[in-house]
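1. Below: sequence and its predicted model.
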Amino acid sequence: MRDDLRRVTSRRWSLERARPDGWLLTSPYGSGALQLDPAVDEEALPPGIGAEEVQQEFVDEALQHVGDRVVDALADHGMALRCRAHAAPLTVCAGRWVCDSRAAHDVADVGSLRRGHAEVIASSDS
Ligand SMILES: [Zn+2]
């Protein structure tokens with residue numbers, strides 16, 4: 001995720017573990033603590049799911065959580081991560097960056113986002 005942000009903005013981002021349950025996000029626009037709640041809602045898991053799938057759910061959930069916090073942190077600085085093709089916000093879902101436009105397409109796997117996919121721009125609604 002950090003590499004995604006670095007590639008898209010050509011600037012320095014870092015995401016470091018700060019405390020057992022927190023991360024420190026340092027962006028070109030400032031830094032702040034990300035409070036993460038890594039809990040997975042086990043009731044939401046399909047019944048009969050295997051251990052590997054549970055593991056995958058944890059990873060997906062964690063990525064989604066970090067993605068949400070990163071998007072929030074950008075918004076705090078008046079910035080937004082947008083799909084280049086549709087100028088729509090990106091969110092993380094099931095380990096992928098997803099475009100929130102009507103096309104609702106997968107943009108890239110988290111960790112594979114490139115400059116051609118997305119850009120960070122000053123958001124108009126803040
Ligand atoms: Zn798009």
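-> Yep, it's here. Numbering: from 1, shown residues only.
2. okay, CA-based contacts and neighbour counts for the rest of this
-> Noted.
3. now the strands for this protein?
-> Read by DSSP state E, the chain holds these strands, from start to end of the chain: 14-19, 22-27, 30-35, 79-83, 90-93, 96-99, 106-109, 118-122.
4. which residue packs closest to V120, ignoring adjacent ones?
-> If the residues on either side of it in the chain are set aside, V120 comes closest to L81, at 4.5 Å by CA to CA, 6 or more residues apart in numbering.
5. Go ahead and confirm the one you found touches W97.
-> No - here L81 does not reach W97: they are 10.4 Å apart, not a contact under CA atoms under 8 Å.
6. shared neighbours of the two, anything?
-> Common neighbours of L81 and W97, using CA atoms under 8 Å, 6 or more residues apart in numbering, are L90.
7. So for these two, which sits in the more crowded spot?
-> Relative neighbour count places W97 above the other of L81 and W97, with 27 against 24, counting by other CA atoms under 10 Å.
8. what residues does this structure put near the ion?
-> With CA under 5 Å from the ion as the criterion, the chain meets the ion at residues 83, 85-86, 99.
9. the residue most distant from the middle of this structure, which is it?
-> For the chain, the C-alpha lying farthest from the average C-alpha position belongs to G48; by CA atoms, centre = their mean, that distance is 28.8 Å.
10. Against V54, how distant is that one?
-> 10 Å (CA to CA, to the nearest Å).
11. repeat for Q64
-> Shown here: Q64 relative to V54, a distance of 15 Å by CA to CA.
12. Neighbour-wise, which one of the residues of the chain next to the ion leads?
-> C99 (27 neighbours).
13. Do I have it right that it meets P89?
-> Yes - applying CA under 8 Å, one finds C99 in contact with P89, separated by 6.1 Å.
14. what's the overlap in contacts for those two?
-> Taking CA under 8 Å, 6+ apart as the criterion, C99 and P89 both touch 82-83.
15. centroid residue for this structure?
-> Nearest residue to the geometric centre of the chain (CA atoms, centre = their mean): G67, 1.9 Å.
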